[in-house]
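A.B. asks: Got a predicted structure plus its sequence, pasted below:
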Amino acid sequence: MRKIFPALFLLALAAGCVQQQNFGAFGSTHEHADFKMYVNGQALDFSQAKYQEPLGPNGTDTNCTNESTLAHLHGGDGDVVHKHATGVTWGYFFSTIGINLTDNCIVLDNGTAFCNSENGKWRYFVNGRETGAVRDTEIKNLDRVLITYGANDAQISGQLASVTSKAAAESTNGACGSGNSSTNVTGAFDKDAIAQEYFRLEGIAQQRNLTAKDLGMLGNLTSENGKLSDAYNEALWMQEHNYTHHMEHALGAVYYIATEGSWACPADPLSHVGIFLEANESKMAADSIAEGRDALAQWEPKAVAMKAQNPDTYPGLGNMLSVMKKEISDFMAGDYEGAKQGAKYLEQNGYC
């Protein structure tokens, strides 16, 4: 349903979206993320001057002179948001350019509201994975976010592909006045180079199956870090054994470990257990069980809380959680057939 909201209501929405009590000071970070917003199949053009923040005196953003907003667009680029304080959310950013997000509606800067109804609904994707909302989600370095209204699955596939990967080229300066703020994971690695290579591989994977040669550069980039190297070697094993879908999971793990320090998606490692058991790779199966158990402890409370806020989020969550826990229990008890069944279910029905 479309309608124009009264001016006072819009002001109230704007006030609610710019709460900053959990944000860091201006200059506490300097990060970038790519995004797209579509309404009924049309991409909004954020390169327009009205959405752009003026650059600093030296014509760049690297000296952190733009204190008017903690996150903004500039340089005529409508695809990359620049974040200058820790904790800053997508809801805050959009409020600074006159767009306000609520649980069920997004109000554009011209006052037009698009609300969830039989005519269409909002859907949100972070790094290709659908989530219930992004209003209170912190903007993370190198994230790729799609916000779309009224799109069917076929349209969403194309819209996801349209989200650029330009943020990596911007995120080379770290926090204002300091060096690059890479995530601390034991062992040397170049976070931005790994992210760029991941998105390059993602683009290739949309056209054809990845080869071991394609993965070679990522292997070089992750070789000096134990956690990243393990995730990469798992992806390479998947490629060599023609498990394309599972390989993409493992590549996602490389990306998230490099950029966020961990990969809290229990469905992925737990779905790998079955193929490792079939190949008599008991050590790899045990490692995946351990990874899945640790990720489940982080992910379950967040998923349950999100579903409580929006019942349409995470369909079949209760059953999936039960399958995950039973698979872990079966494996630990030596019931590998039971663990295989759980892994197969998650391969077909799991999500994060």
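C.D. replies: Cool, got the structure. Residues are numbered from 1 along each chain as shown.
A.B. asks: switch to C-alpha atoms for all contacts and neighbour counts from now on
C.D. replies: Will do.
A.B. asks: who does the lengthiest strand in the chain pair up with?
C.D. replies: As assigned by DSSP state E, the longest strand anywhere in the chain is strand 31-39. Strand 31-39 has the following strand partners under DSSP bridges: strand 42-43 (antiparallel), strand 80-83 (antiparallel), strand 144-149 (parallel).
A.B. asks: if we look at that strand, which residues are touching it?
C.D. replies: Defining contact as Cα atoms under 8 Å, 6 or more residues apart in numbering, one finds that strand 31-39 is touched by 43-44, 79-84, 139-150, 159, 162-168, 170-171, 174-175.
A.B. asks: sorry, back to before: as CSV, the strands paired with strand 31-39 with distance to N116 would be great.
C.D. replies: Putting the strands paired with strand 31-39 into CSV (distance: least, Cα to Cα, whole Å) gives the following:
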stretch, distance to N116
strand 42-43, 17
strand 80-83, 26
strand 144-149, 8
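A.B. asks: low-scoring pLDDT stretches of the protein, where are they?
C.D. replies: Under the criterion pLDDT under 70, the flagged ranges of the chain are 1-21, 54-68, 169-188.
A.B. asks: Kindly report the domain assignment for it.
C.D. replies: Annotated domains of the chain cover 2-170, 191-349 [automatic domain parsing].
A.B. asks: How far away from the center of its chain is the first one?
C.D. replies: In other words, domain 2-170. Per Cα atoms, centre = their mean, to the nearest Å, the displacement of domain 2-170 from the mean C-alpha position of its chain is 14 Å.
A.B. asks: Helices of the stretch 201-350 of the chain, residue ranges please.
C.D. replies: Ranges of helices in the stretch 201-350 of the chain, per DSSP state H, counting those that start in this stretch, are 212-222, 226-240, 244-260, 267-278, 282-309, 317-332, 336-349.
A.B. asks: So for the second one, what gets flagged as buried?
C.D. replies: It refers to helix 226-240. 227-239 (16 or more other Cα atoms under 10 Å).
A.B. asks: same question, the longest one
C.D. replies: Using 16+ other Cα under 10 Å as the test for burial, helix 282-309 gives 284-286, 288-293, 295-296, 299-300, 303-304, 306-307.
A.B. asks: And for the last one?
C.D. replies: Taking 16+ other Cα under 10 Å as the neighbour-count basis, helix 336-349 is seen to contain the buried residues 336, 338-347.
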